[in-house]
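Chemist: Structure of the sequence below:
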Amino acid sequence: MSARTAQYLIASVFLLLGAWALLFPRSVIELAVTPEYRDTSFLALFALACFGAQACIFGLMSLVVRYTSRGFLAFAIILVPFFVFDWYFHSVVPVLNSIGMLDLVGNLVMFGLAIYGWKQAKAEEAGAWTNR
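Modeler: The predicted model follows:
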């Protein structure tokens with residue numbers, strides 16, 4: 001698998017989960033949030049849809065730009081606080097239920113792809129230098 005394929009797979013995670021939040025925010029809240037924290041007021045639905053829209057924007061950008069090894073590594077590092085977020089809002093303040101932990105699964109998949117992409121991109125970049 002090439003670094004570019006890893007990048008497209010990262011984009012697909014953003015597009016899949018982001019589109020779900022953008023198009024069906026009520027479904028996300030009802031399926032992924034524990035009953036005591038469920039809020040389907042207009043503002044909650046609006047905020048979740050905005051979150052989904054931003055995820056879709058990043059997913060679409062990931063389809064059209066080209067990540068370098070530095071980009072993959074930066075993305076992997078940037079994901080680390082999201083693991084803390086998922087742990088905190090599942091284990092300490094139980095907002096996310098087991099379906100809500102799809103966010104953690106998506107982050108783990110993207111983290112693995114980012115590390116793989118970083119290694120592949122480094123190898124591809126090294127090959128580009130030797131072919132000059």
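
Chemist: This structure: helices as residue ranges?
Modeler: 3-23, 25-32, 42-64, 69-87, 102-130 (DSSP state H).

Chemist: So what's the residue count around the closest residue to residue 38 other than its chain neighbours?
Modeler: Once flanking residues are discounted, residue 38 sits nearest to residue 29: 5.7 Å by C-beta to C-beta, 6 or more residues apart in numbering. Bear in mind the C-beta positions are built from the backbone N, C-alpha and C, glycine included. Neighbour count of residue 29, defined by other C-beta atoms under 10 Å: 19.

Chemist: My understanding was that residue 29 contacts residue 35; is that so?
Modeler: No: the pair residue 29 / residue 35 is not scored as a contact, 10.6 Å apart, by C-beta atoms under 8 Å.

Chemist: Listing request: residues of the chain with sub-threshold pLDDT.
Modeler: Residue ranges of the chain with pLDDT under 70: 128-132.

Chemist: which residues does residue 10 contact?
Modeler: 62, 75, 110, 113-114, 117 (C-beta atoms under 8 Å, 6 or more residues apart in numbering).

Chemist: would you turn the residues you listed into TSV with distance to residue 16 and neighbour count?
Modeler: Below are the contacts of residue 10 laid out as TSV (distance: C-beta to C-beta, whole Å; neighbours: other C-beta atoms under 10 Å):
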residue	distance to residue 16	neighbour count
62	12	22
75	17	21
110	11	23
113	14	25
114	17	23
117	18	30
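
Chemist: of all those, which comes closest to residue 44?
Modeler: Closest approach to residue 44 among the contacts of residue 10 (C-beta to C-beta): residue 110, at 25.3 Å.

Chemist: Kindly provide the distance from the residue nearest to residue 62 when sequence neighbours are not counted to residue 88.
Modeler: Excluding its sequence neighbours, the residue lying closest to residue 62 (C-beta to C-beta, 6+ apart) is residue 11, at 3.6 Å. Distance of residue 11 to residue 88, given as C-beta to C-beta, to the nearest Å: 26 Å.
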